[in-house]
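Trainee: Next comes the sequence, and after it the predicted model I'd like to discuss.
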Amino acid sequence: MLDPLPQLTIALSLAALLAASAAHKMRAWGELPQVVRNYRLVPDALAVAVAGTVLCAEALAAAALLLPPARPAGGAAAAALLVTYAVAIGINLRRGRTSVDCGCFGSRPGQGIAAWMVWRNLLIAVLALGLLLPTSGRALTAAEQTMAVVWVVTLAFLYPVLAIVLRSPSPAFEQNDRAAERARAGR
């Protein structure tokens, strides 16, 4: 059984993360299908559809996380998205393709992908699955609700700092190109 305070904090944090990600993707919509293509996991012809599906799924999951009756569905959707992202990143890391734009918050060339992103996504997915647990049913005080919002704002500031601290230098284009050639030759 989960206390409603951590449940609210997790739900608001995930909603903020997914909403920000969807907003960034929407602003970079022209580049998003190319980000999907760069992962080389779906046929190029499906890149626009996959990009649109990801954008809609993030926005819907964020909205569901804000509505208490829909919160478990939002948590499950968020976990599914995060595990999917972890798998996509993991496959490309295994292929040696570290300079793929992660697409986490739209398109940011040069960001690249790294193993810590797989673990980050899996950890956040576990937290999202925690929203499937029943809550104790106790009512939150106004002070507790405020505290949850303060924690979410604090986490929102810490999240990009963590990404900067854990970021590894991006490999040169030639390194990524050689890795792609090795992956094609291995098929």
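Mentor: That came through, no problem.

Trainee: What segments of the chain are strands?
Mentor: Taking DSSP state E, the chain contains no strands at all.

Trainee: Chain neighbours aside, what residue packs nearest to the residue sitting nearest the centre point of it?
Mentor: Closest residue to the average C-alpha location of the chain: L82 at 5.1 Å, with C-alpha atoms, centre = their mean. Distances taken as C-beta to C-beta, 6 or more residues apart in numbering put A125 closest to L82, at 3.9 Å, once the chain neighbours are dropped. (Glycine included, C-beta is placed from N, CA and C.)

Trainee: One more: L8?
Mentor: A148 (4.6 Å).

Trainee: Contacts only, for the one you found.
Mentor: 5, 8-9, 12, 140 (C-beta atoms under 8 Å, 6 or more residues apart in numbering).

Trainee: where does it land on pLDDT?
Mentor: On pLDDT, A148 comes in at 88.

Trainee: Flag every buried residue along stretch 119-130.
Mentor: 120-122, 124-125, 127-129 (16 or more other C-beta atoms under 10 Å).

Trainee: Run through the residues that contact the residue nearest to A183 when sequence neighbours are not counted.
Mentor: Nearest residue to A183, sequence neighbours excluded (C-beta to C-beta, 6+ apart): R95, at 4.3 Å. Neighbouring residues of R95 by C-beta under 8 Å, 6+ apart: 40, 179-180, 182-183.

Trainee: Return the members of those residues classed as buried.
Mentor: When the contacts of R95 are checked for burial by 16+ other C-beta under 10 Å, the buried set is 40, 179-180, 183.
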